[in-house]
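[1] Whatever this is, show me its structure:
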Amino acid sequence: MKTVVESTSAPSQLKVVLAFAIVYIVWGSTYFFIQKALVSFPPFILGAIRFISAGILMLTWGILQGEKMFTGRRLIVPVVTGLLLLFVGNGIVIWVQQSLPSAMVAIFVSSSPIWFVIMDRPMWRENFSNKTAIIGLLVGFAGVILLFYDKLSGGMKGHFTLGDFLPMGLLLLGSAVWAGGSLYSKYRSGGNSPAVNTTWQMMAAGLAFLISSMIHQEWQLFDINAVSLSASLSLLYLTIFGSILGFGAYVWLLKMQPVTKVSTYAYVNPLVAVMLGIFLANESVSTLQLTGLLTILSSVLLINLHKYVKIRKPVAVKT
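    Numbering: from 1, shown residues only. All right, here's what the predicted structure looks like:
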């Protein structure tokens with residue numbers, strides 16, 4: 001039985017490059033477009049429209065493709081995963097961007113790969129028996145401290161309130177929930193296809209956002225006639241490119257490329273978001289925050305270094 005690499009139907013290099021470009025650039029750009037959409041859309045309404053629309057489109061596509069979209073109890077895992085990843089994890093990102101620049105948000109979210117190592121209990125033996133992984137964790141925590149340093153130094157002088165720390169603390173919580181939800185999905189995949197899982201993840205998150213928007217009475221204050229063209233186009237971008245195309249490319253790459261290679265999106269997304277925020281939204285980040293970002297990215301590289309070496313290690317072939 002031939003492997004994917006040996007098969008004559010292996011993807012062209014161009015398709016692989018295009019898929020990586022989508023995951024790198026599109027996912028990294030969503031921070032910027034969330035900020036633009038929030039100009040006209042309240043946060044929970046934004047999440048509801050984005051994910052319900054994407055879920056309906058994917059549900060329709062799945063039915064047309066003959067997918068078994070309604071799989072009973074096997075939908076529990078994607079529903080729970082959708083609530084953790086998209087409603088809590090991504091919802092926090094949407095919420096805090098009401099008060100924080102997109103570039104700063106992306107920098108804080110870059111800590112998520114560290115949480116994967118800490119929370120992935122089945123891999124503890126492998127991860128924590130490796131010196132570079134342990135050093136990477138320590139470096140990563142140092143990077144997080146650098147992110148908070150400006151606020152901490154201001155706090156020592158009595159220049160901060162709880163409101164200064166709350167958004168950043170929520171971002172770290174969101175990163176941890178994203179990692180936990182991803183690991184839950186990894187170890188408890190319900191036997192559904194990626195299309196089915198993605199559809200119900202988005203539908204579950206979208207409904208949770210919808211309920212939250214009603215609880216917060218956002219619809220009573222929302223004026224659809226006041227929505228700007230820029231915000232509408234940003235929402236369309238987030239729905240089509242961020243929620244459907246970006247994830248589709250990611251799933252496809254997981255089938256065609258080594259997981260450690262695909263995971264490099266975690267290194268690139270924050271850099272894309274920071275550059276867009278600085279050059280297109282006139283945002284600014286401090287030197288310490290940029291240093292914290294680079295420190296965290298270095299820690300992720302150290303954590304995964306032994307995996308890269310393992311992949312590149314030549315395999316002896318008997319003759």
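[2] how about the helices in the stretch 101-250 of the chain?
    102-109, 112-119, 124-128, 131-156, 162-187, 194-215, 218-221, 229-237, 246-256 (DSSP state H, counting those that start in this stretch).
[3] Remind me what the third one packs against, helices and strands.
    So the one you mean is helix 124-128. Contacts defined by 3 or more C-beta pairs under 8 Å, 6 or more residues apart in numbering; DSSP states H and E place helix 124-128 against no helix or strand at all. Glycine gets a C-beta too; all of them are placed from N, C-alpha and C.
[4] can we see that at 10 Å?
    Counting contacts by 3 or more C-beta pairs under 10 Å, 6 or more residues apart in numbering; DSSP states H and E, helix 124-128 is packed against helix 112-119, helix 131-156, helix 287-312.
[5] Just put those helices in TSV and tack on mean pLDDT, distance to I63 and mean neighbour count.
    Conversion of the helices and strands packed on helix 124-128 to TSV gives the following (pLDDT from 0 to 100; distance: least, C-beta to C-beta, whole Å; neighbours: other C-beta atoms under 10 Å):
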stretch	mean pLDDT	distance to I63	mean neighbour count
helix 112-119	78	33	20
helix 131-156	70	43	16
helix 287-312	72	38	18
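[6] Export the ones you listed to TSV and append columns for distance to V17.
    Shown next, in TSV, are the helices and strands packed on helix 124-128 (distance: least, C-beta to C-beta, whole Å):
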stretch	distance to V17
helix 112-119	23
helix 131-156	28
helix 287-312	19
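[7] Out of the ones you listed, which is closest to F241?
    helix 112-119 (20.7 Å; C-beta to C-beta).
[8] which residues sit against the closest one?
    The contact list for helix 112-119 (C-beta atoms under 10 Å, 6 or more residues apart in numbering) reads 89, 123-124, 127-128, 133-134, 136-137, 139-141, 143-144, 171-172, 174-180, 182-184, 186, 263, 266-267, 269-270, 296-297, 299-301, 303-304.
[9] let's see 7 Å
    Residues outside helix 112-119 that contact it (C-beta atoms under 7 Å, 6 or more residues apart in numbering): 127, 133, 137, 140, 175-176, 178-180, 183, 266, 299-300, 303.
[10] and it, how far out from the chain's middle?
    Centroid separation for helix 112-119 versus its chain: 13 Å, with C-alpha atoms, centre = their mean, to the nearest Å.
[11] got the CA coordinates for that helix in PDB?
    Listed next in PDB are the C-alpha coordinates belonging to helix 112-119 (Å, rounded to 0.1, in the frame of the first residue of the first chain):
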ATOM      1  CA  SER A 112      -0.600  29.500  22.900                       C
ATOM      2  CA  PRO A 113       2.000  26.900  21.800                       C
ATOM      3  CA  ILE A 114       3.500  26.900  25.300                       C
ATOM      4  CA  TRP A 115       0.100  25.900  26.700                       C
ATOM      5  CA  PHE A 116       0.000  22.900  24.300                       C
ATOM      6  CA  VAL A 117       3.200  21.500  25.900                       C
ATOM      7  CA  ILE A 118       2.000  22.100  29.400                       C
ATOM      8  CA  MET A 119      -1.400  20.600  28.900                       C
END
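[12] still on that earlier bit, mean pLDDT for the helices of the stretch 101-250 of the chain: which is lowest?
    Mean pLDDT values for these show the minimum at helix 131-156, a mean of 70.
[13] Adding distance to E67, write the helices of the stretch 101-250 of the chain out as CSV.
    CSV is the format used below for the helices of the stretch 101-250 of the chain (distance: least, C-beta to C-beta, whole Å):
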stretch, distance to E67
helix 102-109, 31
helix 112-119, 29
helix 124-128, 35
helix 131-156, 38
helix 162-187, 18
helix 194-215, 5
helix 218-221, 33
helix 229-237, 25
helix 246-256, 14
